[in-house]
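Enquirer: Got a predicted structure here, sequence first:
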Amino acid sequence: MLKQLIKFYHISTPATPLKKDKKKLKRLQWATFLSATAGYGIYYVCRLSLNVVKKPIVEEGIFSETELGIIGAVLFFTYAIGKFTNGFLADRSNIRRFMSTGLLITALANLCLGFTHSFILFAILWGISGWFQSMGAASCVVGLSRWFENKKRGSFYGFWSASHNIGEAMTFIIVASIVSALGWRYGFIGAGSIGIIGALIVWRFFHDSPESEGLPAVNHPQMQSETGDAADFNKAQRQALMMPAIWILAISSALMYVSRYAVNSWGVFYLETQKGYSTLDASFIISIGSVCGIIGTMFSGVISDKFFSGRRNAPALIFGLMNVMALCLFLLVPGVHFWVDALSMVLFGTAIGVLLCFLGGLMAVDIAPRNASGAALGIVGIASYIGAGIQDIMSGILIGGHKSIVDGKEIYDFSYINIFWIGAALLSVFFALLVWNVKSKD
C-alpha cells in the first residue's frame, strides 16, 4: 500500500522518444502557468476563510480572541512544517497529483468547519488544512523551474505570485459577501466549494514536466530513477541547507510575514472594533490591499529582471520601507478616515506583493542550486509561517488581553499591537540588508 502510494506521487517517467515541438511546449507552459496561478489563488481562499468570520464568531460567544489566535497559529505551524518537508518532496514528485491532493483536502476541511463549535475539533481541522495547504506553493515553484528557462524565471515567478493576492481579494469580497448574507458557517462552506472546483482545474491543466509530455527538458533533466540522479538532488538540497544567506532571507521573510498576516488575519477585526466599520466595509478596505498586491507582485520580477539585472536587493529595500510606511498610516492615524485607510492598503498591498515575490522565495531560489528550488522555498517557508503563527498567538493575546468593558461596550487598546506589527516590518528590512551583496547564481 505504501509503495503504491509513493509510486503514485513519484515524479513522472519520461515519455520516449523526446521530440522538440515548440507549439506544444508553449501551449503546455501556458496551461501549467495559468492553472498554477488560479489553483494557488484558490488555495488562499481556503486558507483565509477564518479571517473573515472572526468577529461574528466572537459576537456569538463561540470562541474568544485568544482562542481564535491559537486556532490561527495551529494552521501556520502545521503549514510551516509542511512547507519545509513538502518543499523537499515536491522536487521529487508528480506535482500535478501533489498539488491537486493538497487543495482537495484543505477544501474538505473547510466544509467540515462549517458544522462544528468544538474548539479542539476546530483546531485539529484547521491544522490539517494547514498541512495540506503546504503542498501548493512548492508544487508551483517546482513547476515553474521545470517548465520555464532560467532567464524567464523572475518574470513568470512574479506573475504567478499574484495568485496570493487574487486569492486574498476573492476571500475578502466573495467569502465576506457570503458571511454577511448567510452567516459565518456558510463562509467556510463557500470557501470549501470553491476549493473543490480549484482542485479539478489543477488536475486537468497542471502538468508534471516537459519530459512526461514527450518534450525535452527546458532546464535540467528530471530525476529518472530513485537512485543515481537522486544523489544529485540530495547534494543540491544539502547545499541549500548550508547557505547562511538563505537562512537570513528566511528570517527577513518571517518578520515580513508578521506584518503581512497581522493585517490579513486581524485587519478586518481591527477596522470593525477600533474604527466601527461593518464586516463588509472592513473586508472591502482590506481587499484593496489584495488587489493592489496583484500589481506589485506581477511586475516585481519584470522590474528586477529588466532594470536591476536580476538583482532583487534594491527593490526589496524600497518596498520594505513602503510596508513600514503603510502600517504607520493604517495604525497610527486616529479616527475614521475611509480614504486614509484605503490609501494605507494601496501602499501595504503593493509593498507586500513585491516582498512576497522577493523575500518570500525568489531571492532564495536565485542563489540556490537549480534542482533545489523546492528545498530553498521550504527553508524560507518554514521560517515565514513560524513567524506568522507567532504573530497570530501574540496578536490574539495582545488584543484580547487589553480589552475592557465600558458602559457595556467592549473597548480595545491597540497600542501594543502597533509596536509589534510595525517593529516586525522594520526588522525585516534590516535583515534583508544583510544579504545585499549576495550574488545570484546565474
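Expert: Arrived safely, thanks for sending.

Enquirer: Pull the distance from stretch 11-22 to the chain's centre.
Expert: In terms of C-alpha atoms, centre = their mean, to the nearest Å, the gap separating the centre of stretch 11-22 from the centre of its chain is 32 Å.

Enquirer: er, stretch 23-36 I mean
Expert: Put simply, stretch 23-36 sits 22 Å off its chain's centre (C-alpha atoms, centre = their mean).

Enquirer: Buried residues in it, which are they?
Expert: Going by neighbour count (16 or more other C-beta atoms under 10 Å), the buried part of stretch 23-36 is L25, L28, Q29, T32, F33, S35, A36. Backbone N, C-alpha and C define where each C-beta goes, glycine included.

Enquirer: The second one and F148 touch, don't they?
Expert: Right, L28. No - with contact defined as C-beta atoms under 8 Å, L28 does not count as touching F148 (11.3 Å).

Enquirer: one step back: what about the buried residues of stretch 23-36, which are in helices?
Expert: Residues of the buried residues of stretch 23-36 located in helices (DSSP state H): L25, L28, Q29, T32, F33, S35, A36.

Enquirer: Ramachandran angles for K20?
Expert: phi -70, psi 130 (degrees, to the nearest 10).

Enquirer: Spit out the contact partners of it.
Expert: Taking C-beta atoms under 8 Å, 6 or more residues apart in numbering as the criterion, K20 is in contact with L215, P216.

Enquirer: Might you report the residue contacts of E60?
Expert: Contacts of E60 by C-beta under 8 Å, 6+ apart are W184.

Enquirer: and the gap between the spatially most central residue of the chain and F299?
Expert: In the chain, the C-alpha nearest the mean C-alpha coordinate belongs to H164, at 5.8 Å (C-alpha atoms, centre = their mean). Relative to F299, H164 is positioned 14 Å away (C-beta to C-beta, to the nearest Å).

Enquirer: again with F284
Expert: Counting by C-beta to C-beta, the gap from F284 to F299 is 24 Å.

Enquirer: got it, and F98?
Expert: Counting by C-beta to C-beta, the gap from F98 to F299 is 29 Å.

Enquirer: Comparing the two, which residue is more hemmed in?
Expert: A count of neighbours by other C-beta atoms under 10 Å puts F98 above the other of F98 and F299, at 25 against 19.

Enquirer: Name the nearest residue to the more buried one, sequence neighbours excluded.
Expert: Leaving aside its chain neighbours, F98 sits nearest to S139 (5.1 Å; criterion: C-beta to C-beta, 6 or more residues apart in numbering).

Enquirer: so that neighbour makes contact with L89?
Expert: No - assessed by C-beta under 8 Å, S139 is found out of contact with L89, at 9.6 Å.

Enquirer: what touches both of these two?
Expert: Among the neighbours of S139, those also in contact with L89 (C-beta under 8 Å, 6+ apart) are F98.

Enquirer: Which one's more surrounded, the two?
Expert: Set side by side, S139 and L89 show more neighbours around S139, with 33 against 20, by other C-beta under 10 Å.

Enquirer: Mind giving me the packing neighbours of the host helix or strand of the more buried one?
Expert: Assigned by DSSP states H and E, S139 falls within helix 135-147. If you count contacts as 3 or more C-beta pairs under 8 Å, 6 or more residues apart in numbering; DSSP states H and E, helix 135-147 packs onto helix 22-52, helix 65-90, helix 95-113, helix 153-170, helix 373-401.

Enquirer: By mean pLDDT, show me the worst of the ones you listed.
Expert: When the helices and strands packed on helix 135-147 are compared on mean pLDDT, helix 153-170 scores lowest, with a mean of 78.

Enquirer: just checking, what packs against the next helix or strand along the chain from it?
Expert: Using DSSP H and E, the helix or strand that follows helix 153-170 towards the C-terminus is helix 176-182. The helices and strands touching helix 176-182, judged by 3+ C-beta pairs under 8 Å, 6+ apart, are helix 184-205, helix 279-307.

Enquirer: Could I get those in CSV, plus columns for distance to A123?
Expert: Compiled in CSV, the helices and strands packed on helix 176-182 are given as follows (distance: least, C-beta to C-beta, whole Å):
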stretch, distance to A123
helix 184-205, 14
helix 279-307, 23
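
Enquirer: got JSON lines for those, with mean pLDDT and distance to G401 too?
Expert: What follows is the helices and strands packed on helix 176-182, written out as JSON lines (pLDDT from 0 to 100; distance: least, C-beta to C-beta, whole Å):
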{"stretch": "helix 184-205", "mean pLDDT": "94", "distance to G401": "24"}
{"stretch": "helix 279-307", "mean pLDDT": "80", "distance to G401": "22"}
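
Enquirer: Out of those, flag the one nearest I57.
Expert: I57 lies closest to helix 184-205 among those, at 5.8 Å (C-beta to C-beta).

Enquirer: Give me the helices and strands touching that closest one, please.
Expert: helix 22-52, helix 95-113, helix 176-182.

Enquirer: so which of those is the most packed in?
Expert: Across those, averaging neighbours per residue (mean count of other C-beta atoms under 10 Å) puts helix 95-113 on top, at a mean of 24.

Enquirer: Following the chain past that one, name the next helix or strand.
Expert: With elements assigned by DSSP H and E, the helix or strand that comes after helix 95-113 is helix 119-133.

Enquirer: tell me which residues of that next one are tucked away?
Expert: Using 16+ other C-beta under 10 Å as the test for burial, helix 119-133 gives F122, A123, I124, L125, W126, G127, I128, S129, G130, W131, F132, Q133.

Enquirer: contacting residues for G187?
Expert: Contacts of G187 by C-beta under 8 Å, 6+ apart are S49, V52, V53, G114, V175, A176, I178, V179.

Enquirer: Repeat that for A250.
Expert: A364, I379, V380, I382, A383, S384.
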